[in-house]
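Enquirer: Here you go, sequence then predicted model.
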Amino acid sequence: MMKGIYFISGIDTNIGKSIATGWLAKQLLNQHVKVITQKLVQTGNKEYSEDIELHRKIMKIEMLPEDISKLTAPVIYSYPSSPHLAAKIDKKELDIDAITLSSRILKERYDIVLLEGAGGLMVPLTPDLLTIDYISQQNYPIILVTSGRLGSINHTFLSLEAIKNRNLKLHSVIYNLSPHADEIIVQDSLNIINQYIRKNFPEAFIMQMPEITI
């Protein structure tokens, strides 16, 4: 991977995006790459980011100074919902500039920043700003997390079509093999997604993520 900020999104909620972020960070650490993860917006927490904690657990490292200072999770809301609603409930406007600044600072300190989103690409950060709009503004390459569970193909192709229509760069797709699903569906989904990627995003590729024990 080239140096820079990579945006990690999922095709849906509970697709394994946080686990995939930690897993990829661990693979990079094993290659002696200076890498850190960041959470775009954390919802469902108050004083900390449980997703950042999960990343560190998978990476098998302690919480970093950037975690303690909340540089890796600059925006945290208490209600477990999409950011625009969580911000409304907490009566705390989402500070896009704080997120962007945090990413830039982390980029100065680390070779690679893995920026995990909140939900999928079309999740609203504010009533007027979708996640995909923000990615487009920042020109971040995307790593999309999917799986072989039933129904994933439709959501995967919708996400890839959105990326294609916005002329965004797809770096790769992480294919989550956990939890265990029907082997026939898993293999067929992998093949057809790979076929779509070769045709529409020839520079991108698929990484298969094994089952992770936490």
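Expert: Structure's in. What do you need?
Enquirer: In the protein, which helix is the longest?
Expert: Ranked by number of residues, the top helix in the chain under DSSP state H is helix 183-200.
Enquirer: how far is that one from where the chain is centred?
Expert: 21 Å (Cα atoms, centre = their mean, to the nearest Å).
Enquirer: Buried residues, that helix. List them.
Expert: Val186, Ser189, Leu190, Ile193, Tyr196, Ile197 (16 or more other Cβ atoms under 10 Å). (C-beta placed from N, C-alpha, C; glycine too.)
Enquirer: got a list of what the third one touches?
Expert: Spelled out, it's Leu190. Residues in contact with Leu190 (Cβ atoms under 8 Å, 6 or more residues apart in numbering) are Gly148, Tyr175, Ile206, Gln208.
Enquirer: Could I get the full set of strands for this structure?
Expert: If DSSP state E is used as the criterion, the strands of the chain fall at 4-10, 35-39, 112-116, 124-126, 129-130, 142-147, 170-176, 205-209.
Enquirer: For those, could you give me JSON lines that also reports distance to Tyr77?
Expert: What follows is the strands of the chain, written out as JSON lines (distance: least, Cβ to Cβ, whole Å):
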{"stretch": "strand 4-10", "distance to Tyr77": "19"}
{"stretch": "strand 35-39", "distance to Tyr77": "11"}
{"stretch": "strand 112-116", "distance to Tyr77": "15"}
{"stretch": "strand 124-126", "distance to Tyr77": "11"}
{"stretch": "strand 129-130", "distance to Tyr77": "15"}
{"stretch": "strand 142-147", "distance to Tyr77": "22"}
{"stretch": "strand 170-176", "distance to Tyr77": "26"}
{"stretch": "strand 205-209", "distance to Tyr77": "28"}
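Enquirer: among those, which is nearest Ser69?
Expert: strand 35-39 (12.3 Å; Cβ to Cβ).
Enquirer: and the closest one, C-alpha only, in CSV?
Expert: Output of strand 35-39 as CSV, limited to C-alpha atoms (Å, rounded to 0.1, in the frame of the first residue of the first chain):
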residue,chain,number,x,y,z
VAL,A,35,0.1,2.3,10.6
ILE,A,36,-2.7,3.6,12.8
THR,A,37,-6.5,3.4,12.7
GLN,A,38,-9.0,6.1,13.1
LYS,A,39,-12.8,6.2,13.5
